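S.K.: Got a predicted structure here, sequence first:
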Amino acid sequence: MISHLKDVFIYKELLINLAVKELKVKYKNSVLGFFWSLINPIFTMLIFTIVFSMIFKFAEIEYFPIFLLAGLLPWNFFNATVMGGTESIISNSSLVKKVYFPRELLPLSISLANLVNFFLELLVFLAFIGVIGIFSPQYLGVFKFLPLLLLLLPILYLFSVGFSFFISSINVYYRDVQHIMGIFMMALFYMSPIIYPISLIPEKYSGIYYINPLASIILSFKNTLYWMEAPQLNWIAYSFLIAIIFFIAGYAIFLRLEPDFAEEL
């Protein structure tokens with residue numbers, strides 16, 4: 001695995017080019033281009049805000065848009081990385097069959113492209129903070145907690161990429177995976193504390209709920225970006241451990257299956 005990681009470093013220029021290509025293809029023939037990365041979270045936030053703060057009211061949540069965006073930031077990165085990575089090998093089958101390069105560059109390039117989108121969405125979040133800060137200056141305090149993202153983002157990245165490695169390799173052999181993933185990701189979205197506070201989870205289900213490794217990651221982001229306090233150390237430790245396990249296991253399975261990709265494609 002270490003030798004393969006060294007190969008990834010050697011092919012770093014190809015990795016960057018693949019990530020740039022992914023961004024260009026995504027916004028090709030689009031009038032607004034990169035602005036869609038800003039518009040999508042805004043419209044998602046507006047829809048959920050109308051539904052959950054006006055129709056189904058969460059009275060205890062002040063400034064629901066901030067609460068929602070704090071959860072959507074990590075979720076959008078995870079969802080886009082996993083769903084994009086799922087088909088990354090298959091959609092580049094002609095390249096896989098003709099040229100040698102570390103195949104893990106394909107899902108990795110998806111993750112790097114989505115990292116760019118993450119920072120664009122972070123700009124949307126900071127813009128909302130700036131607007132709301134005019135009326136409630138206490139929310140401007142979130143800016144001093146932004147450095148904590150340097151701790152949380154690598155955890156989210158490792159977890160997402162490890163999951164992407166696993167799914168992308170399995171999908172080469174069983175194409176049903178790409179169809180199942182849509183259902184799985186929808187279920188995972190509602191099983192994670194993105195649109196609702198954790199206080200709504202019945203105590204008898206809380207133990208089962210925290211088995212979801214994404215829950216602790218999202219809670220850590222919300223602690224930092226909404227509640228404006230340092231994440232709990234047990235959440236950080238659990239998230240880091242799970243991220244490392246997922247990355248190593250996902251990468252190991254990817255490398256085990258990778259030699260037969262060209263034949264299966």
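M.R.: Perfect, thanks for sending it. Numbering: from 1, shown residues only.

S.K.: Start from the N-terminal end of the stretch 151-265 of the chain and give the helices.
M.R.: In the stretch 151-265 of the chain, the helices defined using DSSP state H, counting those that start in this stretch lie at 176-190, 203-209, 213-225, 233-257, 261-264.

S.K.: what separates the last one from the chain centre, distance-wise?
M.R.: Centroid separation between helix 261-264 and its chain, computed with CA atoms, centre = their mean, to the nearest Å, is 28 Å.

S.K.: circling back: looking at the helices of the stretch 151-265 of the chain, which is nearest to L105?
M.R.: Closest to L105 of the helices of the stretch 151-265 of the chain is helix 233-257 (CB to CB; 11.4 Å). For every residue, glycine as well, the C-beta is placed using N, CA and C.

S.K.: Can you report how many residues lie near the residue lying closest to D7 once chain neighbours are set aside?
M.R.: Closest residue to D7 apart from its sequence neighbours, by CB to CB, 6 or more residues apart in numbering: P102 at 4.7 Å. Residues lying near P102 (other CB atoms under 10 Å) number 19.

S.K.: F9 is in contact with P102, correct?
M.R.: No. Judged on CB atoms under 8 Å, P102 makes no contact with F9 at a distance of 9.7 Å.

S.K.: Touching both of the two, which residues are there?
M.R.: Here P102 and F9 have no joint contacts, going by CB atoms under 8 Å, 6 or more residues apart in numbering.

S.K.: Let me know the pLDDT of T44.
M.R.: Among the per-residue scores, T44 holds a pLDDT of 72.

S.K.: Okay, it and N79: tell me how far apart.
M.R.: Using CB to CB, to the nearest Å, one gets 11 Å for the distance from T44 to N79.

S.K.: same thing with S216?
M.R.: Per CB to CB, S216 is found 17 Å from N79.

S.K.: Looking at these two, which has the bigger crowd around it?
M.R.: Neighbours per residue, other CB under 10 Å: of S216 and N79, the larger number sits with S216, 23 against 19.

S.K.: Tell me the spacing between the residue lying closest to L255 once chain neighbours are set aside and F165.
M.R.: Of all residues not flanking L255 in the chain, H4 sits nearest, at 6.0 Å (CB to CB, 6+ apart). As defined by CB to CB, H4 lies at a distance of 11 Å from F165.

S.K.: shared neighbours, these two?
M.R.: Jointly contacting H4 and F165 under the rule CB under 8 Å, 6+ apart are E104, Y251.

S.K.: So for those two, which sits in the more crowded spot?
M.R.: Between H4 and F165, counting by other CB under 10 Å, F165 is the more crowded of the two (29 against 14).

S.K.: tell me the contacts of the more buried one?
M.R.: F165 sits next to G85, E104, P107, F247, G250, Y251, I253, F254 when contact means CB under 8 Å, 6+ apart.

S.K.: Switch those over to TSV; also include pLDDT.
M.R.: Listed next are these as TSV, based on pLDDT from 0 to 100:
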residue	pLDDT
G85	93
E104	94
P107	96
F247	96
G250	96
Y251	96
I253	96
F254	96
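
S.K.: and which of these is nearest to I194?
M.R.: Set against I194, the nearest of the contacts of F165 by CB to CB is G85 (20.5 Å).

S.K.: ok, the nearest residue to the closest one once chain neighbours are set aside to M181 distance?
M.R.: Excluding the flanking residues, the one nearest G85 by CB to CB, 6+ apart is S164, at 3.2 Å. Noted for S164: a distance of 11 Å to M181, by CB to CB.
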